[in-house]
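A.B. asks: Structure for this input, please:
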Amino acid sequence: MLEKLPHKNLFYFGFIVVFIFIGLSYWQLTRYQEDKQIIDSIDSKENINEITVSDLNDANNKYEEFTKIQLTENIDNIEQVRTWYLRSRVHNGENGYHLISLYRTNLEEYFLINNGWVPLNTNADKTFLYKNPFFRGRLLNYDIQGVGQDDIPDSEYLFRIDKSFIESETGVILPEFYIVLIDDCGSGVECVNLEEPYDAPHLSYAFQWAFFALCLTIVVLRRNNLITWKK
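C.D. replies: Next up is the predicted model:
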């Protein structure tokens, strides 16, 4: 039957593109659902849990991502080990970096902090640890390294907060989560607003790709006389 179509090449090629559009629509819809779940999860975790670094490193802890915490360690028992800049982070339309810090306690336990956003060409105060005894923030899962964005050893820049890379780079063992600060983030550093994240138009894009798929389907079917308009 398909061999008798007047524009069978258009039929084959057109429906390949239609399936691509449907896939893009589905991808944007799932991104929208993921963003909504993240916001709902953040909103449901407003109570502050006072914990120690030992609690954070305990394999049996029952904390979840986005749990709001405050470290209760004595500031005199913590030292900063190393810092990195997390590349290409946009805040209010302006390019910059996130300041990432690795800390060690006197018990040789390590934890990782995302202090917040730093604009390009601005020198952040990397020693803010000694002015901030609270470390109030939320627990976040580590990132997964993307294809073509391998981090470079001995660099002060990162593409992702990748647990395995940082552990291999520093020779330390990190807890299950890292902490992103939500206030008192440092001199020259702006806190990351997890409660009001960038609202990407994923749902609009989902409808857009679905509309393109529908229009192209109608065109292909019409050109091959598989549907006709009644006069």
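
A.B. asks: Please enumerate the helices of this protein.
C.D. replies: 8-43, 53-57, 163-170, 202-223 (DSSP state H).

A.B. asks: Just give the closest residue to the residue sitting nearest the centre point of the chain, not the sequence neighbours.
C.D. replies: Centroid-nearest residue in the chain, with CA atoms, centre = their mean: residue 143, separated by 7.0 Å. Distances taken as CB to CB, 6 or more residues apart in numbering put residue 160 closest to residue 143, at 3.8 Å, once the chain neighbours are dropped. Yep, even glycine has a C-beta here, placed from its N, CA and C like the rest.

A.B. asks: Now do the one you found: how many residues are near it, please.
C.D. replies: By other CB atoms under 10 Å, 17 other residues sit near residue 160.

A.B. asks: ok, back up a step: tabulate the helices of the chain (a markdown table), appending distance to residue 113, mean neighbour count and mean pLDDT.
C.D. replies: Formatted as a markdown table, these follow (distance: least, CB to CB, whole Å; neighbours: other CB atoms under 10 Å; pLDDT from 0 to 100):
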| stretch | distance to residue 113 | mean neighbour count | mean pLDDT |
| --- | --- | --- | --- |
| helix 8-43 | 18 | 14 | 79 |
| helix 53-57 | 11 | 18 | 85 |
| helix 163-170 | 12 | 16 | 89 |
| helix 202-223 | 29 | 15 | 84 |
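
A.B. asks: Within the sheet, what are the partner strands of the top strand by length along the chain, with directions?
C.D. replies: Identified as the longest strand of the chain according to DSSP state E is strand 78-91. As defined by DSSP bridges, the strand partners of strand 78-91 come to strand 94-105 (antiparallel), strand 157-158 (parallel).
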